[in-house]
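Engineer: below is the structure, and that's it, no one-letter string:
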């Protein structure tokens, strides 16, 4: 006989549970008609827990009193305390709020439907919401259906709850099921305060302009979300960010702004204004030294007072900006090689942190090899803060440009910039490639904006067109580029958002289906017919002659 000791090990406990609770029984039965009871019970095959009920549970049509769900062992209990509408189908979608108590696995696709009438309504409204500017899907957007009889642009969003609603998924898709036969309006909202109402200018929306009938529904609603421009103009933020420099941020683009200083020492000649790219921000540069601890002034738009300010100033000895080698000088040159473009003759561009009163070009030294050259400077903006260095740049050449101190003089004697220099190479145009596009547009005399963008989405060229034409964008370094087309409906030369109360959708933006790949010494030639539903036409890339 042979004897051996058994090896003692811990029990494995079996494989990990990955399944959510499964429904064994509904009480009353799912899809019950002539619903009369005041309590619903759903029985599961294991003990359950409730999680994030407030954000996960969707009851459509919504109830005035949301029931307080409770988990009792293996049973989900749903009390009905609200008065239900007659002949109405209700849908309870639980999302991922019902989980098991061991692993937290959710019961997915859990839905309970009943009708207070003799039958279950069966129409479904299906669609997708995409951001009108970024083309990204809108997640967790509230999608609502209103009976067209009570739908009024002036009051619906304040008086009525929707007749049906749901939320979009991560792909921006939505599906409102069990809708009755009728005429409805579709409205969607990024509900910031969870009240089912469009009552804040900071809430993004999307809507379908037409009334739809449930028995003639389209296969898919495609909605474009947007943030409407507020009706009232106001200043969101303002502060002294630097010595003699104040920034303002507005809630929407501004028109014509001027300042009225209550101290008689300041006039319109005492300051320079610089608008942001979208005209929703403004920088105020003082050309006259402020010898006061505070300022009192009003901001006027088109001659009407927008706001009045009393603010503390920043003196020069309190300037704390640090840059470069630890200097605290707020006046300096901002030169970035990535902003240079010698292929389209924009060339050497740069800016200063403050407006300039005069330029001493003798203090600009350009070095190439063993030779030194002088250059001139061109102002490129009204605030005299942005410039272009004028010089006959040679391809395949390495340059070093030096600006001695006091090359640029500010309106304020306290502001004196240090010397700075930069080294760079001017590329050979034969190492670049061209982009050419043949546009085929409908002959309706509409206006369009054609945008060429780099891989980061920054617009590098903009062309206005109103008919079919061929565009030569010029030469660019090898990289991938993007093209977009804006339908400029109001012909104001920019993209405009929508307005629900005026029944205006945001101006349509169409993306070219693929990136344009620029290669050395080649022209990328494309044909684009953006309003043709068939596949886009295109040419093969052809070599430059």
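Structural biologist: Happy to help now that I have it. In this text the structure is predicted, and so the values were computed from the model without any measurement.

Engineer: how about the nearest residue to residue 361 once chain neighbours are set aside, what does it touch?
Structural biologist: Spatial nearest neighbour of residue 361, chain neighbours left out: residue 376 (5.6 Å); criterion: Cβ to Cβ, 6 or more residues apart in numbering. For every residue, glycine as well, the C-beta is placed using N, CA and C. Going by Cβ atoms under 8 Å, 6 or more residues apart in numbering, residue 376 touches 361, 389-390.

Engineer: likewise residue 421?
Structural biologist: Contacts of residue 421 (Cβ under 8 Å, 6+ apart): 400-403.

Engineer: any idea how far the host helix or strand of it is from the chain center?
Structural biologist: Assigned by DSSP states H and E, residue 421 belongs to strand 420-426. In terms of Cα atoms, centre = their mean, to the nearest Å, the centre of strand 420-426 is found 35 Å from the chain centre.

Engineer: please apply the same query to stretch 410-426.
Structural biologist: Centroid displacement of stretch 410-426 relative to its chain, using Cα atoms, centre = their mean, is 35 Å.

Engineer: show the end-to-end separation of it, please.
Structural biologist: 30 Å (Cα to Cα, to the nearest Å).

Engineer: stretch 185-203 too?
Structural biologist: 19 Å.

Engineer: give me the below-cutoff pLDDT ranges for this structure.
Structural biologist: 1-17, 151-159, 316-328, 533-545 (pLDDT under 70).

Engineer: so which residues of this structure form helices?
Structural biologist: 53-56, 156-159 (DSSP state H).

Engineer: list the buried residues for the first one?
Structural biologist: In other words, helix 53-56. 53, 56 (16 or more other Cβ atoms under 10 Å).

Engineer: now for that helix, which elements pack on it?
Structural biologist: If contacts are counted by 3 or more Cβ pairs under 8 Å, 6 or more residues apart in numbering; DSSP states H and E, helix 53-56 sits against no helix or strand.

Engineer: contacts for it?
Structural biologist: Under the contact criterion Cβ under 8 Å, 6+ apart, helix 53-56 has outside partners 69, 94-97.

Engineer: now for those residues: which two are most distant?
Structural biologist: Spanning the widest gap among the contacts of helix 53-56 are 69 and 96, at 13.5 Å by Cβ to Cβ.

Engineer: ok, back up a step: list just the nearest of the contacts of residue 421 to residue 213.
Structural biologist: Checking the contacts of residue 421 one by one against residue 213 (Cβ to Cβ), the nearest turns out to be residue 401, at 68.5 Å.

Engineer: mind checking how far residue 331 is from residue 420?
Structural biologist: Distance, residue 331 to residue 420, by Cβ to Cβ, to the nearest Å: 12 Å.

Engineer: quick check: residue 508 touching residue 487?
Structural biologist: Yes: counting by Cβ atoms under 8 Å, residue 487 is a contact partner of residue 508 at 4.5 Å.

Engineer: coming back round to it: who has more neighbours, residue 331 and residue 420?
Structural biologist: residue 331 (22 against 17; other Cβ atoms under 10 Å).

Engineer: what about the closest residue in space to that one that isn't next to it in sequence, how many neighbours?
Structural biologist: Closest residue to residue 331 apart from its sequence neighbours, by Cβ to Cβ, 6+ apart: residue 415 at 3.9 Å. By the criterion of other Cβ under 10 Å, residue 415 has 23 neighbours.

Engineer: quick one on the thing from earlier: now the contacts of residue 376 as TSV including distance to residue 310 and neighbour count?
Structural biologist: Output for the contacts of residue 376, formatted as TSV (distance: Cβ to Cβ, whole Å; neighbours: other Cβ atoms under 10 Å):
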residue	distance to residue 310	neighbour count
361	42	12
389	42	20
390	45	13
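
Engineer: can you put those residues in a markdown table and add distance to residue 443?
Structural biologist: As requested, these are exported to a markdown table (distance: Cβ to Cβ, whole Å):
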| residue | distance to residue 443 |
| --- | --- |
| 361 | 51 |
| 389 | 45 |
| 390 | 43 |
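
Engineer: just these now: which is nearest residue 80?
Structural biologist: Closest to residue 80, out of all of the contacts of residue 376 and judged by Cβ to Cβ, is residue 389, at 75.6 Å.

Engineer: my guess is the closest one meets residue 364, correct?
Structural biologist: Yes: using Cβ under 8 Å, residue 389 makes contact with residue 364 at a distance of 7.4 Å.

Engineer: next, show the common contact partners of those two.
Structural biologist: If you check residue 389 and residue 364 against Cβ under 8 Å, 6+ apart, the residues they both contact are 375, 377, 401.

Engineer: next up, the contacts around the first one.
Structural biologist: Residue 375 makes contacts with 361, 364, 366, 389-391, 401, as judged by Cβ under 8 Å, 6+ apart.

Engineer: what do you get for residue 196?
Structural biologist: Counted by Cβ under 8 Å, 6+ apart, residue 196 has contacts 62, 142, 144, 161-162, 165, 189.

Engineer: of the residues you listed, keep whichever come out buried.
Structural biologist: For the contacts of residue 196, a burial check counting by 16+ other Cβ under 10 Å picks out 62, 142, 144, 162, 165, 189.

Engineer: which residue packs closest to residue 278, ignoring adjacent ones?
Structural biologist: Among residues not flanking residue 278 along the chain, residue 253 sits closest, at 6.1 Å (Cβ to Cβ, 6+ apart).

Engineer: now do residue 40
Structural biologist: residue 78 (4.1 Å).

Engineer: quick check: that neighbour touching residue 71?
Structural biologist: No: the pair residue 78 / residue 71 is not scored as a contact, 10.8 Å apart, by Cβ under 8 Å.

Engineer: quick one on the thing from earlier: tell me the bridge partners for the residue nearest to residue 361.
Structural biologist: Counting by DSSP bridges, residue 376 is bridged to residue 390.

Engineer: gap between residue 340 and residue 139?
Structural biologist: Between residue 340 and residue 139 the distance is 39 Å, computed by Cβ to Cβ.

Engineer: so which of the two has more stuff around it?
Structural biologist: Using other Cβ under 10 Å as the criterion, residue 340 and residue 139 rank with residue 340 on top: 20 against 14.

Engineer: does that one touch residue 423 like I think?
Structural biologist: No: look at residue 340 against residue 423 with Cβ under 8 Å: they stay out of range, at 12.0 Å.

Engineer: and the nearest residue to residue 96 once chain neighbours are set aside, bridged to which residues?
Structural biologist: By the measure of Cβ to Cβ, 6+ apart, the closest residue to residue 96 outside its immediate chain neighbours is residue 106, 3.8 Å from it. Beta-bridge partners of residue 106, counted by DSSP bridges, are residue 99.

Engineer: how far away is residue 77 from residue 94?
Structural biologist: Residue 77 is 13 Å from residue 94, by Cβ to Cβ.

Engineer: so the two - more neighbours on which side?
Structural biologist: residue 94 (23 against 14).

Engineer: could I get the contacting residues of that one?
Structural biologist: Contact analysis of residue 94 by Cβ under 8 Å, 6+ apart lists 56-57, 107, 110-112.

Engineer: buried subset of the residues you listed, written for ChimeraX?
Structural biologist: In ChimeraX, this line selects whichever of the contacts of residue 94 come out buried by 16+ other Cβ under 10 Å:
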select :56,57,107,110,112
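
Engineer: let me know the closest of the contacts of residue 94 to residue 483.
Structural biologist: Nearest to residue 483 out of the contacts of residue 94 is residue 56 (Cβ to Cβ; 41.3 Å).

Engineer: excluding its backbone neighbours, what's nearest residue 74?
Structural biologist: Nearest non-adjacent residue to residue 74, counting by Cβ to Cβ, 6+ apart: residue 44, 4.9 Å away.

Engineer: hmm, residue 23 and the one you found touching each other?
Structural biologist: Yes: the criterion here is Cβ under 8 Å, and residue 44 meets it with residue 23 at 6.1 Å.
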